[in-house]
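Q: Just need the structure, nothing else, for what follows:
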Amino acid sequence: MNWENIAGQENLKKLLRDSIAENRVSHAQLFIGKEGYGTLPMVLAYAKEILKGENEHAASKVEHLNHLDLHFSFPVFTDNRNSLSKNKFEEFREMIMASPYASYDDWTAFLESENKQLFISADEVDDQNQKFALKSFEGGTKILIVWRADKMNIAASNKFLKFLEEPPAKTIILLTAEDINDILPTILSRTQVVEIPRINDNDIESYLKKNFSVSDDKVKEIVHEAQGDLNDAIKLLNSGNKSDEFEKLFVQWVRDAFMVKKKPQFLKSIILWAREIAGWNREKQKNFLNYCSEIFRLALLQNYQSEGLVYKKINADGFNWTGFSKFISGANIESILEEISTADLHLTRNGNPKIIWTDLGIKLSRYIHKST
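A: Numbers count the residues shown, from 1 in each chain. Now for the predicted structure:
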């Protein structure tokens with residue numbers, strides 16, 4: 001990954017490059033931020049700059065993730081009683097080479113492991129300890145990148161702590177995580193924290209226009225919805241028919257929710273709706289939840305006469321956007337968004353999707369009629 005290929009984050013790029021030039025590279029650093037903000041691309045560009053300074057031929061090897069002194073740990077599931085990252089490295093490499101901004105959910109979907117627990121194990125830490133006990137292949141620095149260090153289990157965290165406290169000579173450890181609160185405090189205290197902010201909207205807009213053929217109106221819609229997350233922006237751009245599918249199912253949900261109060265037989269339609277969505281992979285389900293949240297927020301803005309901020313409306317299939325918006329207000333928006341957030345949390349924790357979506361579908365029929 002080259003610095004120039006990273007969207008925005010110019011201040012942070014300069015900070016990291018200066019730390020190398022001034023020989024101020026900390027041996028253990030924790031990069032905190034969403035994958036879509038460029039956390040891993042930033043770490044890869046940083047590692048490349050460090051290794052390139054020792055050997056100019058290192059750059060190409062790092063770009064292709066095949067430098068022998070660059071090691072990776074990342075969450076995997078137990079397979080034949082084995083939970084080592086190296087067994088899934090080719091798959092990880094394939095995903096990152098194609099999409100360096102890919103998320104944990106993308107990785108889960110890539111492995112087709114939505115119903116399996118992915119984690120970094122104590123065995124993985126032992127395996128890395130053995131690798132780093134050996135001399136570097138090129139006689140210089142060895143770098144360990146731990147992608148999603150927040151997915152270490154307790155046993156792994158305790159073993160990794162010892163590795164942090166007494167690392168081998170000429171070793172640099174670069175960890176990534178989404179939330180600082182998910183990192184063991186003892187590990188946190190032994191790392192230099194680097195916060196990755198959301199990408200500036202103008203930088204996302206420039207990136208999309210440079211790398212994709214897309215209209216100005218579509219770019220503005222995507223940038224607003226992506227909220228500084230380039231991974232989400234690219235998914236929105238490539239969603240195509242998925243947006244139409246989401247819109248259709250949202251409309252169906254709302255109509256059934258309105259009807260079920262007077263005609264309980266529509267409850268069956270909501271259950272069938274829930275079953276259809278529950279059959280998707282988890283990433284798509286979570287994307288639909290994000291879509292629903294955004295539509296409800298836009299409806300609230302429409303209702304409160306802030307039409308200038310409503311960058312997207314649903315007008316397909318005879319849907320009365322203005323009429324629907326009148327039902328979304330301060331009386332129910334908090335409850336609706338809270339239920340969507342709870343559903344997202346349960347999906348993340350591998351809850352039963354049929355139950356999650358059925359519960360959410362039924363609760364909307366209660367909240368959407370709430371006016372006080």
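Q: which residues of the stretch 151-300 of the chain score low on pLDDT?
A: 239-243 (pLDDT under 70).
Q: Nearest the geometric middle of the protein, what residue?
A: residue 103 (3.8 Å; Cα atoms, centre = their mean).
Q: Could I have the CA atoms of the top strand by length along the chain written out in CSV?
A: Longest strand in the chain, counting residues (DSSP state E): strand 171-177. This file holds the C-alpha atoms of strand 171-177, laid out as CSV (Å, rounded to 0.1, in the frame of the first residue of the first chain):
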residue,chain,number,x,y,z
THR,A,171,10.7,-6.0,16.5
ILE,A,172,7.8,-3.7,15.7
ILE,A,173,4.3,-4.6,16.7
LEU,A,174,1.4,-2.8,15.0
LEU,A,175,-2.1,-3.6,16.2
THR,A,176,-5.5,-2.5,14.9
ALA,A,177,-8.9,-2.3,16.6
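Q: In three-state terms, label residue 329 for me.
A: Assigned by DSSP: H, G, I helix; E, B strand; the rest coil, the conformation of residue 329 is coil.
Q: burial count for it?
A: When counting by other Cβ atoms under 10 Å, one arrives at 15 neighbours for residue 329. The way it works is simple: take the backbone N, C-alpha and C, and place the C-beta from them, glycine included.
Q: Excluding chain neighbours, what is closest to it?
A: Leaving aside its chain neighbours, residue 329 sits nearest to residue 303 (5.9 Å; criterion: Cβ to Cβ, 6 or more residues apart in numbering).
Q: Surely the residue nearest to the centre of the chain is in contact with residue 36?
A: Yes. Contact between residue 103 and residue 36 holds when scored by Cβ atoms under 8 Å: they sit 6.6 Å apart.
Q: so what does whichever helix or strand residue 357 is part of touch, helix or strand wise?
A: Assigned by DSSP states H and E, residue 357 belongs to helix 353-367. Helices and strands touching helix 353-367, by 3 or more Cβ pairs under 8 Å, 6 or more residues apart in numbering; DSSP states H and E, are helix 241-259, helix 266-278, helix 282-303, helix 333-348.
Q: Take those helices and write them to JSON lines, including distance to residue 24.
A: Putting these into JSON lines (distance: least, Cβ to Cβ, whole Å) gives the following:
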{"stretch": "helix 241-259", "distance to residue 24": "45"}
{"stretch": "helix 266-278", "distance to residue 24": "50"}
{"stretch": "helix 282-303", "distance to residue 24": "39"}
{"stretch": "helix 333-348", "distance to residue 24": "37"}
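Q: Pick the most deeply packed of these.
A: helix 282-303 (a mean of 19; mean count of other Cβ atoms under 10 Å).
Q: Please name the nearest non-neighbouring residue to residue 177.
A: Nearest one to residue 177, counting by Cβ to Cβ, 6+ apart, is residue 150 at 4.0 Å.
Q: Of the helices and strands packed on helix 353-367, which is nearest residue 117?
A: Nearest of the helices and strands packed on helix 353-367 to residue 117, taken as Cβ to Cβ: helix 333-348 at 11.6 Å.
Q: chain center to the closest one, what's the gap?
A: Remark: helix 333-348 is offset 17 Å from the chain centroid, using Cα atoms, centre = their mean, to the nearest Å.
Q: Same check on stretch 116-130?
A: Distance, centroid of stretch 116-130 to centroid of chain: 21 Å (Cα atoms, centre = their mean).
Q: So for that stretch, mean pLDDT?
A: Across stretch 116-130, the average pLDDT comes to 91.
Q: For that stretch, measure first residue to last.
A: End-to-end distance for stretch 116-130, by Cα to Cα, to the nearest Å: 27 Å.
Q: Any buried residues in it, and which?
A: 118, 119, 120, 121, 122, 123, 124, 125, 127, 128 (16 or more other Cβ atoms under 10 Å).
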